[in-house]
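1. Structure, please.
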Amino acid sequence: MSNSILLHKEKGINPHMTICSRCGGDGEEILLLGTSDTKFYCSGCSQNVIAPARTNKCPNCRRYDTLDLIGTIDDWEKITTGICSKCEKELKEHKKVVSEGGIYFRCKCGAEGVIKPSNKICKDVRDKMNIQAPKPCGVELPSCPACEDKNG
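-> Predicted structure coming up:
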């Protein structure tokens, strides 16, 4: 019975589309929530969880009385899940570039990515941090092409 769905009395299997947690695009799965249409925050494991309204046990950490009600999932609400295959592919490419001597970057504007090993900054950063390829390393930038495009 643990792999079954308790049907919602009005919405049946209660299907919901998903959103990629990385890019915000459409996810590649449909969640069948049934009666599990309530959002909680668990203070035990610091996660947002979806569970039946009458639960008092976190489905993630299995602790009791750690759930704080956030609200009910709207009928047409999309639910954030893992990453889509496009993002998964991109992250694998980033990992490969970094293992070949590139570096990760994150900008204060929120953009992130990699800098290819052919860029002089990679050697400078790796030398300064004393981290050689294939070990990963990265930098936080005060600005990048993405935020410079926004600021004109």
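2. List the buried residues for whichever helix in the chain runs longest?
-> Looking across the chain with DSSP state H, the single longest helix is helix 85-99. Judged by neighbour count (16 or more other Cβ atoms under 10 Å), helix 85-99 contains these buried residues: C87, E90, H94, V97, V98. C-betas here are computed from N, CA, C, even on glycine.
3. what's the next secondary structure element after that helix?
-> Past helix 85-99, further along toward the C-terminus, the next helix or strand under DSSP states H and E is strand 103-107.
4. can you list the residues that contact that following strand?
-> Residues outside strand 103-107 that contact it (Cβ atoms under 8 Å, 6 or more residues apart in numbering): 94, 98, 112-115, 121-122, 125-126, 136-144, 146-147.
5. how about that strand: buried residues?
-> For strand 103-107, burial by neighbour count (16+ other Cβ under 10 Å) applies to I103, Y104, F105, C107.
6. Same check on stretch 16-27?
-> With the criterion 16+ other Cβ under 10 Å, stretch 16-27 contains buried residues H16, T18, I19, C20, R22, G27.
7. So what does C122 look like in phi/psi?
-> When read as degrees, to the nearest 10, the backbone of C122 gives phi -60, psi -50.
8. In contact with it, which residues?
-> With contact set as Cβ under 8 Å, 6+ apart, C122 has these partners: G101, G102, I103, I115, K116.
9. What segments of this protein are strands?
-> Along the chain, the segments classed as strands by DSSP state E run 15-19, 26-32, 38-42, 47-51, 67-72, 79-80, 103-107, 112-115, 138-141.
10. List the buried residues of the last one.
-> Going by neighbour count (16+ other Cβ under 10 Å), the buried part of strand 138-141 is G138, V139, L141.
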